[in-house]
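Novice: Would you be able to build a 3D model of this:
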Amino acid sequence: MSYELLLRHYGLRGTIRVLSSEVECTAEVTLLSGDRLILKTSARPEGRDSFRFQVAALAGLEGASGFAAPHLVRTGAGTLMFEEEEICGYLQTRLSGVPLHQVNATPEVRYRVGQALGRLSLALEPLKLPAMHRPVLWHVGCWPRLVELEEHLQSGSIAAPVRLAMGNYVELIKPQLGEVAWQVTHNDPSPFNTLLAGEGIAFIDFGDGCWGPRIQDLVVAASHLVTDPSLALGGSENLIAGYASVTPLSTLEAKLLVGLMKARQSALILINYWRAELFPAEAAYIKKNVARAERGLSILSALSVGEADMAVRRAGT
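Specialist: This is a model prediction of the structure:
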């Protein structure tokens, strides 16, 4: 089917290799010329809104500098995506690079990633996109309900810090989110979606993107880099510093950052344990970030509110 869609809507022929993906179908296309592209398709009703958002985001980022993102390949009719009665999709370039999770993320690399992420936030800030308010499981507005998923956690010590982090989010952080800047965000710049592309940094997979707090992309990226218990913020300090050098944090954003990082780590743990039970054949892929989140949450949970605020201020100045 992917081969037929590629030919019908783009007039292109090539070999197809299906890649791992949780919701949409993602396939790598190798053209006869040797060039490689990514074809994304979905037969789910919600896939149309998701793809309308994704293609508009990628189109809106064309010409932006300081980072790389995939480029859209227009259909033969000149549209950003194709829509048939039962299926829709779009075609983009395949970026070359090494995912951040596969490299030694030195302080210098983390700082560069933070700078690129700050520039991505600036490029997304003026965009008003179709379906940016669609339901997204990873949106901060959904987090209060995630405590219902606690029953899916394996027995162990992680349940207590998850419960505490989510309770703190609901009671203390969420009521203040209306006072920080909101905009279109990538919403998942994880080490799997961040590439070292030569001397530059690239971001892929905008499928979870939506309208959210501006700081959300920093929250997500930093929460994945909390790995070293000898450092106050576990090693995310350099990424935070790089981001703040491009997009300075407000006083309130700095105050809320660590609490949001812990809530995001907890959300990742809860959602992925739940989804792994729903889709056991894909459990390894679904839980690829869980161990990192559990380790990061244990490190950040050792900080008091005052210590966390001080650590963020030191990193961002």
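
Novice: C-alpha from now on. contacts and neighbour counts both.
Specialist: Will do.

Novice: Distance of Arg145 relative to Gly63?
Specialist: Counting by C-alpha to C-alpha, to the nearest Å, the gap from Arg145 to Gly63 is 39 Å.

Novice: Which neighbouring elements make contact with the longest helix that the chain contains?
Specialist: For the chain, the helix with the greatest residue count under DSSP state H is helix 251-278. Helix 251-278 sits against helix 159-168, helix 216-223, helix 283-286, helix 290-300, helix 305-315, with contacts defined as 3 or more C-alpha pairs under 8 Å, 6 or more residues apart in numbering; DSSP states H and E.

Novice: Ignoring the adjacent residues along the chain, who's closest to Leu303?
Specialist: In space, and not counting its chain neighbours, Leu303 is closest to Ala232: 7.5 Å by C-alpha to C-alpha, 6 or more residues apart in numbering.

Novice: Where do the strands of the protein begin and end?
Specialist: For the chain, the strands defined by DSSP state E occupy 14-19, 25-31, 36-42, 72-73, 82-83, 88-93, 98-99, 182-185, 194-197, 200-203, 210-213.

Novice: pLDDT averaged over the last one, what's the number?
Specialist: Mean pLDDT, taken over the full extent of strand 210-213, equals 98.

Novice: Correct me if wrong: Val219 contacts Ala263.
Specialist: No - Val219 is beyond contact range of Ala263, at 9.4 Å (criterion: C-alpha atoms under 8 Å).

Novice: follow-up on the earlier one: got the angle between the longest helix of the chain and helix 305-315?
Specialist: Here the directions of helix 251-278 and helix 305-315 differ by 110 degrees (axes from the mean of the first three to the mean of the last three C-alpha atoms, to 10 degrees).

Novice: in the stretch 1-150 of the chain, which ranges drop under the pLDDT threshold?
Specialist: Residues of the stretch 1-150 of the chain meeting the criterion pLDDT under 70: 22.

Novice: Make JSON lines from the helices and strands packed on helix 251-278 and add distance to Gly78, mean neighbour count and mean pLDDT to it.
Specialist: What follows is the helices and strands packed on helix 251-278, written out as JSON lines (distance: least, C-alpha to C-alpha, whole Å; neighbours: other C-alpha atoms under 10 Å; pLDDT from 0 to 100):
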{"stretch": "helix 159-168", "distance to Gly78": "45", "mean neighbour count": "18", "mean pLDDT": "94"}
{"stretch": "helix 216-223", "distance to Gly78": "31", "mean neighbour count": "26", "mean pLDDT": "98"}
{"stretch": "helix 283-286", "distance to Gly78": "35", "mean neighbour count": "16", "mean pLDDT": "88"}
{"stretch": "helix 290-300", "distance to Gly78": "41", "mean neighbour count": "21", "mean pLDDT": "95"}
{"stretch": "helix 305-315", "distance to Gly78": "46", "mean neighbour count": "17", "mean pLDDT": "94"}
